[in-house]
Structures are given as structure tokens and as C-alpha cells.
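Participant: pasting the sequence and the predicted coordinates here, then a few questions.
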Amino acid sequence: MPSPISKAQFDKLRALVDQGRIHTAYDYLSDRGYYYACWAAGDVEDSQAPEARGRTVPGLGLEARQKLTEHELARFRTSMAKGYLGALGAQFEHGPSITRDVSAEETAEFHGEVFRTHFLGIKDWTLCVPFELQEKAGGLEAVERYWDGVLRTAAKLSARAIARSAALIAA
């Protein structure tokens, strides 16, 4: 269960993203149990240098990524971070804090919006086909279970990468 995030903390996260410090915002969220941030940060590989992690765009298909310039990729990453925060921030309509990560439905919604804004098709999203297959096989509940597994895997891989990096530094 993620740690609650207050409106003041959330406003600081928005400011970080506005400053281009997306990885810092994702680190803050992932440290508090928001697994989407682990996945979105793209830091599950401990062999990646920090600057390379900052250029990753998890969920964006290779063909689409290759068509975009570095500037376009940076704008895309910022839009994705803002979309994620927007989905999280919607929880303030129901209470004083954010208490859960994004659902599969919320994730698909803001990914679709960002992809359209950047003139990409939703089929350029690497999770589009798996989500569709899960929905056909077992409905929206199956999609949510699949998404939960994706997020938990990203969090575990990220934790292992951090532990390995810390061990290498200590050695």
C-alpha cells in the first residue's frame, strides 16, 4: 500500500516536473510505494548510467521512439509525467490525499491522451496489445490484474537494481 501524499507534497512533485526534474519526482513516488513511478522511471537496469535512464521512455515502442528527436522525446516524457500526476491528482476530488497508484484504466486514458497529443497512435504504446488481449480473455478485471503484475515486477526489479548499485559502490 503506498504512503499517502498530501496536497502540499503533490504540489512539490508538480513543480519538480515543471522544472524538468522528472526522475526526481518518480524517485520520490517510487520510494513511497507508487509502482508506476518505478516503471516510468525506466531505472530497472542497474547497468544504465543515470543520464541514460533519463532518456528512456518505457511504454513507447521502439519504432515510434526512433521517429522522435531528442527534443520530442523530452517533451513526450514531460507529458507522460504530467499525465501520471494528473491521474493521481484526481484522487483529491475524493479526499485530502493520494492513497493509491493509477489503475489500468487511468493509465490507458492518460497514455492515450499523451500519444494523441504527440501524434502517435495508441498502438505505439507497448502495453496496448497486452491490455487488449487481457480484456478479451477476462474483461477489465483481468486487465487490472495484469497491470498490477507489471507494476509489482517493475518495483521488484528497481529495488534489486538499487541494491546492486549500492553494493557496487560499497565494494
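Facilitator: Yes, it's here. Numbering: from 1, shown residues only.

Participant: quick one, phi psi at Gly20?
Facilitator: Per-residue torsions, Gly20: phi 80, psi 10 (degrees, to the nearest 10).

Participant: helix, strand or coil for the nearest residue to it once chain neighbours are set aside?
Facilitator: Leaving aside its sequence neighbours, Gly20 sits nearest to Thr78 (CB to CB, 6 or more residues apart in numbering; 7.2 Å). Where C-beta positions appear, they are placed from N, C-alpha and C, glycine not excepted. State at Thr78, reduced to three classes by DSSP: H, G, I helix; E, B strand; the rest coil: helix.

Participant: what is the neighbour count of Thr78?
Facilitator: Applying other CB atoms under 10 Å, we find 15 residues neighbouring Thr78.

Participant: just checking, it touches Gln19?
Facilitator: No. Contact criterion CB atoms under 8 Å: Thr78 and Gln19 do not qualify, at 10.3 Å.

Participant: OK, contacts around Leu140?
Facilitator: Going by CB atoms under 8 Å, 6 or more residues apart in numbering, Leu140 touches 104-105.

Participant: and the pLDDT at it?
Facilitator: pLDDT for Leu140: 94.

Participant: ok, now Lys136?
Facilitator: For Lys136, the model assigns a pLDDT of 95.

Participant: how about it, secondary structure?
Facilitator: helix.

Participant: look up how far Phe110 lies from it.
Facilitator: Noted for Lys136: a distance of 22 Å to Phe110, by CB to CB, to the nearest Å.

Participant: counting neighbours, go ahead and name the busier of these two.
Facilitator: The residue with more neighbours, out of Lys136 and Phe110, is Phe110; 20 against 10, by other CB under 10 Å.

Participant: which residue packs closest to that one, ignoring adjacent ones?
Facilitator: Gly83 (3.4 Å).
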